[in-house]
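Asks: Following is a predicted model, sequence given first.
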Amino acid sequence: QVQLVESGGGLVQAGGSLVLSCAASGRTFSNCAVGWFRQAPGKGREFAAAISESGDSTYYADSVKGRFTVSRDNAKNTVYLQMNSLKPEDTAVYYCACRIYTSATNMARTEPDFWGQGTQVTVSS
């Protein structure tokens with residue numbers, strides 16, 4: 001089992017930045033690829049970014065590429081999402097998720113094994 005808790009969401013003006021954190025507990029976290037997903041009001045969930053178990057591979061959706069950076073500190077059992085140049089269309093609930101023994105790329109295509117509860121990000125225009 002892996003428990004995930006997101007934090008760092010909030011209200012920011014367009015063009016601003018936020019850093020989301022995903023704190024994990026559980027013995028298998030080191031075997032997790034971790035993804036960030038988001039769900040805007042009235043829309044389906046979409047993939048945003050992912051990082052491999054070791055942190056040496058990342059993958060991004062086109063909508064966030066060049067603006068978002070995912071990283072992880074396995075010593076702290078934490079994954080981060082640095083979000084820059086935020087746009088109103090980035091407004092959503094952001095979730096982190098873990099899938100055991102998969103790649104960062106596959107996080108965009110497969111259902112994760114574990115989910116966090118989400119954190120709200122609101123970007124004002």
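Replies: Okay, I see it.
Asks: use CA for all of it now, contacts and neighbours both
Replies: Noted.
Asks: For the residue positioned nearest the centre of the chain, which non-adjacent residue is closest in space?
Replies: With distances taken as CA atoms, centre = their mean, the residue of the chain nearest its centroid is residue 36 (2.2 Å). In space, and not counting its chain neighbours, residue 36 is closest to residue 96: 4.5 Å by CA to CA, 6 or more residues apart in numbering.
Asks: For stretch 38-50, measure first residue to last.
Replies: 12 Å (CA to CA, to the nearest Å).
Asks: swap in stretch 39-50?
Replies: Stretch 39-50: ends 16 Å apart by CA to CA.
Asks: Over it, what's the mean pLDDT, rounded is fine.
Replies: For stretch 39-50, mean pLDDT rounds to 96.
Asks: buried sites along that stretch?
Replies: 39-40, 47-50 (16 or more other CA atoms under 10 Å).
Asks: so how far is residue 4 from the residue nearest to residue 36?
Replies: Counting by CA to CA - residue 96 and residue 4 are separated by 7 Å.
Asks: Would you mind telling me which of those two has more residues around it?
Replies: residue 96 (31 against 24; other CA atoms under 10 Å).
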